[in-house]
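**Student:** Only the shape, not the letters, is given here:
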């Protein structure tokens, strides 16, 4: 489970994109290809798990589980808000969620020799990428650091417009006993 039912969003979701890979609700997704116009039924409007962060444009937080089922043998579990592979997904762009899809190294002082600030209330939430599942599946996740090429580990760590491009929102809580954080999502 990547999202708890404690959510708040009004007019902050987008239902105009397809997803051609499996995914778990709570993942951070990026735009893969774009449709034209409203693109409500344009198969070119696709979101995906980030393969690289640098140069990616944040699409939003996945609000459905995307599954690959043999629909001749079983049906989608509508109570779990599942979507079949290749179907339309719901993306959260503005709102509040409680998620555990957060970089697991956020509470350590160093990561590969780089200082990583711990999650604190009010800390910015940036897009990240890492293996979070037991099977090593790559997912998009939230972290307190902008992507490596924009961390500004020099004398002046001032945020730039590039950092803001990768920013998802703001952490509103510390981790609970199950590792869930309350995060306000506000994608420009």
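**Tutor:** It's in. In this text, all values refer to a predicted model and were calculated from it rather than measured experimentally. Numbering: from 1, shown residues only.
**Student:** Every contact and neighbour count from this point should use C-alpha atoms.
**Tutor:** OK.
**Student:** Would you map the helices across this protein?
**Tutor:** 161-166 (DSSP state H).
**Student:** Output the below-cut-off pLDDT ranges for it.
**Tutor:** For the chain, applying pLDDT under 70 flags the ranges 1, 53-55, 104-118, 129-141, 143-165.
**Student:** Residue 60: what's it in contact with?
**Tutor:** 28, 29, 30, 91, 92, 93, 168, 187 (C-alpha atoms under 8 Å, 6 or more residues apart in numbering).
**Student:** can you pull up the bridge partners for the residue nearest the centre of the chain?
**Tutor:** Nearest to the mean C-alpha position of the chain, counting by C-alpha atoms, centre = their mean, stands residue 28 at 1.3 Å. Beta-bridge partners recorded for residue 28 (DSSP bridges): residue 61.
**Student:** domains in the chain, as residue ranges please.
**Tutor:** 13-92, 97-186 (automatic domain parsing).
**Student:** Report how many residues lie close to the residue lying closest to residue 181 once chain neighbours are set aside.
**Tutor:** Nearest residue to residue 181, sequence neighbours excluded (C-alpha to C-alpha, 6 or more residues apart in numbering): residue 175, at 4.9 Å. Residues lying near residue 175 (other C-alpha atoms under 10 Å) number 18.
**Student:** With residue 68 as the reference, measure out to residue 175.
**Tutor:** Per C-alpha to C-alpha, to the nearest Å, residue 175 is found 31 Å from residue 68.
**Student:** for residue 30, same thing?
**Tutor:** On the measure of C-alpha to C-alpha, residue 30 and residue 68 end up 20 Å apart.
**Student:** Tell me which of those two has more neighbours.
**Tutor:** Between residue 30 and residue 68, residue 30 has the larger neighbour count (other C-alpha under 10 Å), namely 22 against 16.
**Student:** Which residues are in contact with the more buried one?
**Tutor:** 47, 48, 49, 50, 56, 57, 58, 59, 60.
**Student:** what do you get for residue 167?
**Tutor:** 124, 125, 126, 127, 146, 187.
**Student:** Could you do residue 173 as well?
**Tutor:** By C-alpha under 8 Å, 6+ apart, residue 173 lies in contact with 120, 121, 181, 182, 183.
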